[in-house]
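Asker: Make a model of this:
(2 chains)
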There are 2 protein chains.
Amino acid sequence: MSGNWERGVRRVVPYTPGEQPSGDVIKLNTNENPYPPSPKVKAAVDAVSDGRLRLYPDTVCRELTAELAAQAGVEPEQVFIGVGSDDVLSMAFLTFFNTDEPVLFPNVTYSFYDVWAKVYGIKYKTVALDKEFRIHTQDYFEKNGGIVIANPNAPTGILLGLEEIESIVAANPDSVVIIDEAYIDFGGKSAVGLTARYENLLVVQTFSKSRSLAGLRIGMAYGDKKLIKYLSDVRFSVNSYTMNTLSQVGGLAALRDREYFEKTRAEIIRVREYSKAKLEELGFSLTDSAANFLFAKPSGKTAGELFSALKARGIYVRWWDKPEISDRLRITVGTKEQMDALFAALKELL
Amino acid sequence: MSGNWERGVRRVVPYTPGEQPSGDVIKLNTNENPYPPSPKVKAAVDAVSDGRLRLYPDTVCRELTAELAAQAGVEPEQVFIGVGSDDVLSMAFLTFFNTDEPVLFPNVTYSFYDVWAKVYGIKYKTVALDKEFRIHTQDYFEKNGGIVIANPNAPTGILLGLEEIESIVAANPDSVVIIDEAYIDFGGKSAVGLTARYENLLVVQTFSKSRSLAGLRIGMAYGDKKLIKYLSDVRFSVNSYTMNTLSQVGGLAALRDREYFEKTRAEIIRVREYSKAKLEELGFSLTDSAANFLFAKPSGKTAGELFSALKARGIYVRWWDKPEISDRLRITVGTKEQMDALFAALKELL
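Answerer: Presented below is the predicted three-dimensional model:
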């Protein structure tokens, strides 16, 4: 039976994540870490994957929160945890962006921001980057209903300095400013320390990249206690138990293994710099990425052609058919072996 | 620095879940299953808690979806999966309840419904149960923006028959009707079969109760393909990867172990009926619960007094200080040993 029930439906165009091909491919398309998580994660997960799963998880993630707070040098009440940084960002949009003024973010950035704005009915305005894909802080000094900056930005990888971040936060005391630091561990300086001085700053991070735990879905945010309380109230109005038991213990184990974290992120930075030089040799022009990916403009063939040709050879990178960036590929930094396979393929194709 | 950033904050009063005490207590307060999950869950989880966690999970939960569809006798496109049934219900409220007419649900029911309505700015109207806590279907025949019925209802445990459910769905072709079947496996008949005939019906279930997997956070919904597509579009506009890898494989293992499922739910039903008789002997009056909990009115002492006295003895049950139900306790059906300990304590207290 069919009536007019569709009248009440919220109609949206969802975010499209990168492909998750199965089988033996070189996967450089979704910015996953090429190294496995700390071996301590498996030990921690396997130790609790038993009868305790019948119980609801700790709704406030007490242990994980305490460790995040300790490592960041903040109080536990300044930490928020969600199902990946996407969940954290989604909750933050819902919580903080409820004025009639537009939320500002760059025209080239993480392509989920406008999707969240649309699903929650939030006004927004995109601010154009310059021709070198740079953010200019003064573009964010006009009246607004909130600001979202990815730092380093995606998919450009370009980093803003802490002084630039602070100038945006300081210029906007009447708005919440979200700094999305998904890639900060690959060479940037976190703005977490600024939360002590700015009530209106929310800094978002994730376990999916530098902790090699995309599969466990853990993201976090740091901010003033009052800001975090508002965010938590909305989260607990949406779902009481978002963080399953295994992700909580696995995340904690990864976080405690600082040595492994330092070793793998240093290796990714090393391979990134090596890859920059190799791609330049192949005629690509590159942004100065501080992330675990490269944003590379080929010469000789179009980015779209290379994307398809690489895919046909089992090498997945990311390409967007959008005017501002369609001449570039976003290439996740893999292992040196994976990158060398990519360069060999590119050499043949170009 | 403090400005006027709070002007844009969504202010809400969150849902309050039951306490999660640690230590050696008898926990009959959050309707968890007293039996551990199928032992096959641990085997499945431990088999993938390795390097694969560096990868994003399967965003569409292909295997889990296929198994749920097969067991329910529907197509995979008729299945939606979320982070517990709370996440599924939250997404459904956001997706389907966007008219100016009020969403209807009982005045005594799962106390998260009005929280979701408030956080998303949805108009709602509660419909009074009768004095025996019964739902009358004709109360749901007036003009509305949607309907939510828990079946069996919470915290009463009272079940509506499939004909009654169908009469509500059939009378409301212009609204989406959500049937929340969190407790259906403990004695009710699911409305999933009706989704073949009614486009406007969404049936929500969970792994947290009858599958003993509250810790993994898995909920699901069944509906017409078009309905599920709308729901998925909104979900993918909020978070691309909600279901972590370990919950997907753990849930699948639990689902495939049908023998274990049948054995444990039969045992819970047996202990429930035993407990009903015992509580009646102790002077309680009870609803005819078809769930894994009992809704019991004591005589001799008030429900509030008993709640506190039991807690002092390490026995946690649930009590709400709300006018309609403050004279009752909601008691989760535990193991026979746990229930006997409860009855012994009550005998002393009454």
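Asker: Now the one residue in the stretch 151-300 of chain A that gets nearest to chain B: closest residue in space, sequence neighbours ignored.
Answerer: Per Cβ to the nearest Cβ, residue A:173 is where the stretch 151-300 of chain A lies closest to chain B, at 2.3 Å. To be clear about C-beta, it is placed using only N, CA and C from the backbone, and glycine gets the same treatment. In space, residue A:173 comes closest to residue B:3 once its chain neighbours are excluded; the distance is 2.3 Å by Cβ to Cβ, 6 or more residues apart in numbering or on different chains.
Asker: Roughly how far does that neighbour sit from residue A:141?
Answerer: 14 Å (Cβ to Cβ, to the nearest Å).
Asker: got any residues that touch both of the two?
Answerer: residue A:172 (Cβ atoms under 8 Å, 6 or more residues apart in numbering or on different chains).
Asker: Specify the residue ranges that define each domain of chain A.
Answerer: A:19-37+A:259-349, A:39-256 (automatic domain parsing).
Asker: give me every residue that touches the most centrally placed residue in chain A.
Answerer: The C-alpha lying nearest the average C-alpha coordinate of chain A belongs to residue A:182 (Cα atoms, centre = their mean; 3.5 Å). With contacts defined as Cβ under 8 Å, 6+ apart, residue A:182 is in contact with A:85, A:110, A:150, A:154, A:204, A:205, A:206, A:208, A:209.
Asker: Neighbouring strands - and their directions - for the host helix or strand of residue A:221?
Answerer: If you go by DSSP states H and E, residue A:221 is part of strand A:219-223. Using DSSP bridges, the strands paired with strand A:219-223 are strand A:79-82 (antiparallel), strand A:201-206 (antiparallel).
Asker: between those, which one is nearest to residue B:218?
Answerer: Residue B:218 lies closest, by Cβ to Cβ, to one member of those: strand A:79-82, at 17.3 Å.
Asker: on that earlier part again, tally up the residues packed near the residue nearest to residue A:173, please.
Answerer: Other residues near residue B:3 come to 14 when the count uses other Cβ atoms under 10 Å in any protein chain shown.
Asker: do the same with residue A:333
Answerer: Counted with other Cβ under 10 Å, residue A:333 comes out at 28.
Asker: Please apply the same query to residue A:266.
Answerer: 11.
Asker: Next up, the contacts around it.
Answerer: Per Cβ under 8 Å, 6+ apart, neighbours of residue A:266: none.
Asker: Need the pLDDT of it.
Answerer: Residue A:266 is assigned 98 on the pLDDT scale.
Asker: ditto for residue A:171
Answerer: Reported pLDDT for residue A:171: 98.
Asker: And it, how far from residue A:178?
Answerer: 15 Å.
Asker: repeat for residue A:193
Answerer: 16 Å.
Asker: With neighbour numbers in mind, choose between those two.
Answerer: More neighbours surround residue A:178 than the other of residue A:193 and residue A:178, with 27 against 15 (other Cβ under 10 Å).
Asker: and residue A:111, that's in a strand?
Answerer: No - assessed with DSSP: H, G, I helix; E, B strand; the rest coil, residue A:111 is coil; it does not lie in a strand.
Asker: so what pLDDT did it get?
Answerer: pLDDT at residue A:111 comes out at 93.
Asker: Contacts only, for it.
Answerer: So residue A:111 contacts A:15, A:320 (Cβ under 8 Å, 6+ apart).
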